[in-house]
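>>> build me a model from this:
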Amino acid sequence: MDKTLPVPKSNIQVIDLVRSLAILMVMAGHLTPTLPMPPAVFRWGWDHFQRTQIDGVFIFFIVSGFLITRIIDLDAGGILRPSWKNFYVRRVARIVPLFLLQICLGLLVIGLFSDGSRMFNYCFKLPDPGTATSFWVSLFTFSFNWADAVYAKAWNSIGDHWAIFWSLAVEEQFYLFYPLVLGLLGNLKNIVAFLITVVILSWSGVFLLRSAGFSVSLGVKIFIVSYGHIAVGALLYLLVKRYGKFLTDHPGFSFSILMTGFILLLPLFLTDWPIADYLRAPSIAIILLGGIHLPFFQSGPFHWLSAPGRYSYGNYLLHILVLFFIHAYLWNLNIILAFTVFVVVTTSVSAVSYRYFELPMNHWVRKRLA
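Residues are numbered from 1 along each chain as shown. The predicted structure is shown next:
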């Protein structure tokens with residue numbers, strides 16, 4: 001008898017709460033360079049929070065690995081016989097419409113509002129003339145992260161509206177062969193071994209490259225480490241699948257796991273220890289392992305707090321666009337209030353985008369391709 005059980009199909013609100021934290025970290029990091037720092041009483045806390053933007057992206061990778069593995073497992077063939085076609089129909093329908101809209105909106109803003117100002121360049125600057133081919137080819141082939149590592153100097157910086165596509169490229173590279181690999185591995189033991197191997201190779205990859213005499217930039221380090229975080233998310237799903245019933249039946253133990261994650265997380269966010277780069281996001285995985293099995297997080301009071309996470313894809317792709325158009329208003333506010341307004345406006349725009357563009361396009365694409 002298979003001891004593993006599929007994770008319920010219902011929405012897991014604690015996942016959205018963690019995604020809310022992740023998108024707030026990213027948005028804080030992108031807002032900070034455009035506004036004066038807050039008063040001294042808030043400066044230390046704000047500075048530590050806004051510096052965690054890359055950790056916010058790592059958290060997204062963990063959640064992505066969890067949710068994508070869950071989607072594959074809940075499909076007809078399950079995790080051992082995944083349908084490559086079904087997976088990619090879903091993936092294209094979810095990712096591509098807003099991805100293409102984001103590119104079109106960026107070009108539209110450049111055509112209408114380009115003025116060479118510092119704020120415009122921060123948001124929308126395209127690569128310097130003569131380097132456009134490498135930029136656009138990498139963007140549409142989801143190899144943007146590696147092109148950025150190779151051509152960053154020739155591009156002479158790009159606006160954050162474009163720069164954020166690196167994380168989308170990392171995800172699509174991981175998922176390109178993911179369903180096929182799962183099917184070839186044949187059993188859960190092999191899948192677990194494969195994912196652990198990805199984590200080990202990813203998180204030791206920078207050391208191995210440097211040992212072989214290769215020069216590794218910060219960007220390349222981040223890209224290599226990112227694959228390991230997606231694999232951690234997939235392993236998290238398998239843990240939930242295997243031990244979910246036990247953890248649900250023992251809420252006290254689940255709460256202990258949750259608190260262990262928080263205890264690990266706090267000093268890692270407040271320090272600059274080199275090891276923290278590898279332990280912050282896994283601490284989030286421990287929090288999720290406990291929190292997923294606590295009904296407390298499914299309660300009403302957390303509904304609004306989880307809103308930025310529910311629309312995190314839209315928030316991630318659209319927040320620079322929103323920042324550009326409301327920045328003049330935000331300048332007149334202290335950075336804490338400005339951040340609050342920034343989050344509320346962006347989440348509202350993303351909710352409208354999801355309801356009236358992303359969801360209809362998702363259904364349309366899946367109908368046409370399936």
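>>> contact partners of the helix or strand containing residue 146?
Using DSSP states H and E, residue 146 sits in helix 144-155. Under the contact criterion C-beta atoms under 8 Å, 6 or more residues apart in numbering, helix 144-155 has outside partners 127-128, 130-131, 134-135, 137-138, 163, 165-170, 173, 217, 219-220, 223. For glycine as for every other residue, the C-beta is placed from the backbone atoms N, C-alpha and C.
>>> cool, and stretch 250-269?
48-49, 52, 55, 246-248, 276, 279-280, 283-291, 293-295.
>>> distance check, residue 328 against residue 338.
11 Å (C-beta to C-beta, to the nearest Å).
>>> same question, residue 36
Residue 36 is 10 Å from residue 338, where distance means C-beta to C-beta.
>>> so these two - more neighbours on which side?
residue 338 (22 against 10; other C-beta atoms under 10 Å).
>>> tally of neighbours for residue 137?
When counting by other C-beta under 10 Å, one arrives at 12 neighbours for residue 137.
>>> return the residues in contact with it.
Counting by C-beta under 8 Å, 6+ apart, residue 137 touches 143, 147.
>>> buried stuff in the one helix or strand it maps to?
Using DSSP H and E, residue 137 maps to helix 132-140. Buried positions in helix 132-140, judged by neighbour count with 16 or more other C-beta atoms under 10 Å: 134, 135, 138, 139.
>>> dump those to CSV, plus pLDDT.
Formatted as CSV, the buried residues of helix 132-140 follow (pLDDT from 0 to 100):
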residue, pLDDT
134, 93
135, 95
138, 96
139, 96
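>>> now the two most distant members of these.
134 and 139 (9.6 Å; C-beta to C-beta).
>>> what's the neighbour count on the residue nearest to residue 312 when sequence neighbours are not counted?
Excluding its sequence neighbours, the residue lying closest to residue 312 (C-beta to C-beta, 6 or more residues apart in numbering) is residue 19, at 4.3 Å. Other residues within reach of residue 19 by the criterion other C-beta under 10 Å amount to 25.
>>> just the pLDDT for residue 19.
pLDDT, residue 19: 95.
>>> ok, it - contacts?
Counted by C-beta under 8 Å, 6+ apart, residue 19 has contacts 59, 60, 63, 306, 308, 309, 310, 312.
>>> rerun at 10 Å
Shown in contact with residue 19 (C-beta atoms under 10 Å, 6 or more residues apart in numbering): 56, 59-60, 63-64, 67, 306, 308-313, 315-316.
>>> from those, which land in strands?
Using DSSP state E, the subset of the contacts of residue 19 located in strands is empty.
>>> what distance do you get for residue 230 to residue 61?
Counting by C-beta to C-beta, the gap from residue 230 to residue 61 is 5 Å.
>>> out of these two, which sits in the more crowded spot?
More crowded of residue 230 and residue 61, by other C-beta under 10 Å: residue 230, with 29 against 24.
>>> for that one, give me its contacts.
Neighbours of residue 230 in contact, by C-beta under 10 Å, 6+ apart: 58, 60-66, 68-69, 170-171, 173-175, 178, 195, 198-199, 202.
>>> without its sequence neighbours, what residue ends up closest to it?
Nearest residue to residue 230, sequence neighbours excluded (C-beta to C-beta, 6+ apart): residue 65, at 4.0 Å.
>>> state the number of residues packed around the spatially closest residue to residue 59 that is not a sequence neighbour.
If the residues on either side of it in the chain are set aside, residue 59 comes closest to residue 22, at 3.9 Å by C-beta to C-beta, 6+ apart. Around residue 22 there are 28 other residues, counting by other C-beta under 10 Å.
>>> surely residue 22 touches residue 229?
No - Residue 22 lies out of contact with residue 229 (C-beta atoms under 10 Å); the separation is 11.3 Å.
>>> what residue ranges in the stretch 1-150 of the chain score low on pLDDT?
1-10 (pLDDT under 70).
>>> quick one, strands of this structure?
Applying DSSP E to the chain gives no strands.
>>> okay, which residue is most central for it?
The centroid of the chain falls nearest to residue 60 when counting by C-alpha atoms, centre = their mean (2.7 Å).
>>> check contacts around that one.
18-19, 22-23, 25-26, 167, 171, 226, 229-230, 233, 281, 309, 312-313, 316.
>>> number of nearby residues for residue 349?
Neighbour count of residue 349, defined by other C-beta under 10 Å: 18.
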